[in-house]
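[1] Only the shape, not the letters, is given here:
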């Protein structure tokens, strides 16, 4: 039951002949942070909107605690909190006014609301800004306020749609820490989307990769990493930056998957990592190329994601 | 003592049973409703939404000024501007190549109501109207007089249709007075002459009658004379005196004593006399015949006279009878046979009083539609709008909350406007205050829902505001405010008569100006009710449609 807290079964959503979700199946366990990774336009936001009952599916069902969410939508709404990509609060209302307003809409009694609002202000470190109007807050504080509005009714499930989008690295880190804190201290099940797997690597307990309206891979970040750990990533850099002839020669001597460029470096995915680590310096010497950089690594989750997506195509 | 205590205990028990029963009964009836969280929470949520909307409205200063102070300022200006019953500053240009005494007298009359300017040329006069310098141009024919068949030509600018009829009305009222005065004078002269003829003929009636009678008598008498003359026997034959002479001769022979010769002589004389007499009788007969011929002529003429007298008498009698049967005896009746008095159906005194219902509906329409559109769009374009949808709040509650925000705002303004109106209406409004209030409430509800529908229908604030302005303009144009609806083709008029503005304006006018009761106006109230239902459904549907766009 706890592993199948939210069940998505054969879910399809079509917008004007555009199939956004195509018979998707997914189970989200209770109390975990579940990450959904997908490219832009892969249907992440649509999936979340379906999860909270904002959209109705064209086919398939969503079960929450084994009950169809559309049978008693208001109780689902009461148990779900949702933070969108855009900050969904009134920027002409103060922090506390926003919390009170949405608290009342979430049927929180006046007494509980006051207590809960103060808890959240403290928890999210918004107390010094509680009388500031929404638009007067910094970007990070606005994101906190948006999350606070999603948590005002103490939801069992918090859904976050790309919460780190448009944030600088510091704010991004702060926000991820905050989500971790919410899951840990409030015991809330978190469903979070992103198009960056790397970002969710340390945050999520489970990650599902959404592609073309289906979950194409699911597992913990570690499991995904292990599954794709047979492949290695070899990076090297020549002073001349001329790699065309060299890569042709290398391909004859080792099995090479993806070839990518990051800056002046060449990134190769290969199952012959150790072999390449040996032959690249030899071949460079023979070709009279000055080797400036050479490394052998496990692939990052982003590269795994990219690979999975390419496989999906 | 214990007796009384027992009595009191008994009474207490009875009271507990009675009130307990009542309480249980009420609890059974209403308890579930009161405990039902959705209803109570729905009401509380409406309050929360209204509070939030007010805060947002007040914090958006520009919209607060436009939404709250704008209409009040408009009402103040309208009240100040239209609290009069006449047009002022009307300029009339006149031109004539030769002013006569009569045309000058007309100019003097117009001078009382208009500021009259004598133009140099007829072109100046007409062009002045074209460029708006003058309201009317009047061109008089040269040497214009009453007997002249020439006409005064008025040049008016019909493009200023709201003014031109008022100006023409004033103009023709003043000219009409003078025209009526002249007409009265001419008619009086005619009536005097008719009266004179009647008097004269009336006096001669007996004379004509007597003439006829006398002619008849003459005729009769001449006839009698003629008959008498005819009866005269003037036929003498020659007297035979031979036997007498022979007798006298015999006597002379037998008796010589008798002077027979003298008798003979006498007989001879007698014979002579007789001959003379016969001769005269013959002459008399001839004369009589001549007289008889003349008498016949006289009789014939007398008969003709008598006939003619009868014809004249009949004609005179007919004329007199016709004149006596004339109902119009006074010149005023001839000059102005139909007497009209225009009485207003209301006792209102100034333009403001007449215009007030229209102005009220106009203001409500503008406030309600614009305010509802602007608050709806502001809410819809807010990032927080989405979050409202994902809260466990009934969508009807959210719509109703927004509606109540607008309604309370409009009602507050209406209260202020009505307060001001009470001053202008000298307390007359108090009599219809309840029904007026109810009607205004219904009108406000109708237009607010229309405004909300427009707000939800369009994507951006710009298009929504443009749409709402266009919509109220169309409603305004196709109403009695600018052009009478009667000027439209019948097929279009039938549709336009269902214009919400026209319906609202007609209803309020009947209630406020004519003091009609709500029972008499059920048709209009029903139509407004139908509009409320339609706009409410449309607003709800349009709001639901926005879900798709913001998701």
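    Yep, it's here. All values reported here derive from a predicted model rather than from experimental measurement. Numbers count the residues shown, from 1 in each chain, chains lettered A, B, ... in the order given.
[2] From residue B:383, how far off is the closest residue to residue A:79 other than its chain neighbours?
    If you skip the residues right next to it in sequence, residue A:79 has residue A:156 as its closest partner in space, 4.5 Å away by Cβ to Cβ, 6 or more residues apart in numbering or on different chains. Heads up, the C-betas are built off the backbone N, CA and C, glycines and all. For residue A:156, the distance to residue B:383 equals 24 Å [Cβ to Cβ, to the nearest Å].
[3] Check which helices and strands the host helix or strand of residue B:363 is in contact with.
    For residue B:363, the host element (DSSP states H and E) is helix B:351-381. When contacts are defined as 3 or more Cβ pairs under 8 Å, 6 or more residues apart in numbering or on different chains; DSSP states H and E, helix B:351-381 packs onto helix B:37-59, helix B:70-81, helix B:395-424, helix B:433-457, helix B:461-477, helix B:500-512.
[4] distance of residue B:519 from residue B:530?
    In this structure, residue B:519 lies at 18 Å from residue B:530, with Cβ to Cβ as the measure.
[5] Pick out whichever of the two has more residues nearby.
    Using other Cβ atoms under 10 Å in any protein chain shown, the more surrounded residue of residue B:519 and residue B:530 is residue B:530, with 13 against 8.
[6] rewinding a little: pLDDT value on the residue nearest to residue A:79, please?
    Residue-level confidence at residue A:156 comes out at 91, pLDDT.
[7] Would you mind listing the residues in contact with it?
    Remark: with contacts taken as Cβ atoms under 8 Å, 6 or more residues apart in numbering or on different chains, residue A:156 is in contact with A:79, A:80, A:188, A:189.
[8] what's the answer for residue A:279, then?
    For residue A:279, the set of contacting residues under the criterion of Cβ under 8 Å, 6+ apart consists of A:250, A:253, A:254.
[9] Now do stretch A:220-234, average pLDDT.
    Taken as a whole, stretch A:220-234 has a mean pLDDT of 77.
[10] Ends of it, what's the gap?
    With Cα to Cα, to the nearest Å as the measure, the first residue of stretch A:220-234 is 25 Å from its last.
[11] What residues of that stretch count as buried?
    Residues of stretch A:220-234 classed as buried: A:221, A:224, A:225, A:228, A:231, A:232, A:233, A:234 (neighbour count, 16 or more other Cβ atoms under 10 Å in any protein chain shown).
[12] Ramachandran angles for the residue nearest to the first one when sequence neighbours are not counted?
    In other words, residue A:221. Excluding its sequence neighbours, the residue lying closest to residue A:221 (Cβ to Cβ, 6+ apart) is residue A:201, at 4.9 Å. According to degrees, to the nearest 10, the main-chain angles of residue A:201 amount to phi -50, psi -50.
[13] what about residue A:201, neighbour count?
    Residues within reach of residue A:201, counting by other Cβ under 10 Å, total 17.
[14] what does chain B have sitting close to chain A?
    Chain B comes close to chain A at residues B:37, B:41, B:44-45, B:48, B:52, B:55-56, B:59-60, B:382-393, B:547, B:551, as judged by Cβ under 8 Å from any Cβ of the partner chain.
[15] If we ignore the residues flanking it in sequence, what's nearest residue A:144?
    The nearest residue in space to residue A:144 (Cβ to Cβ, 6+ apart) is residue A:124, at 4.5 Å.
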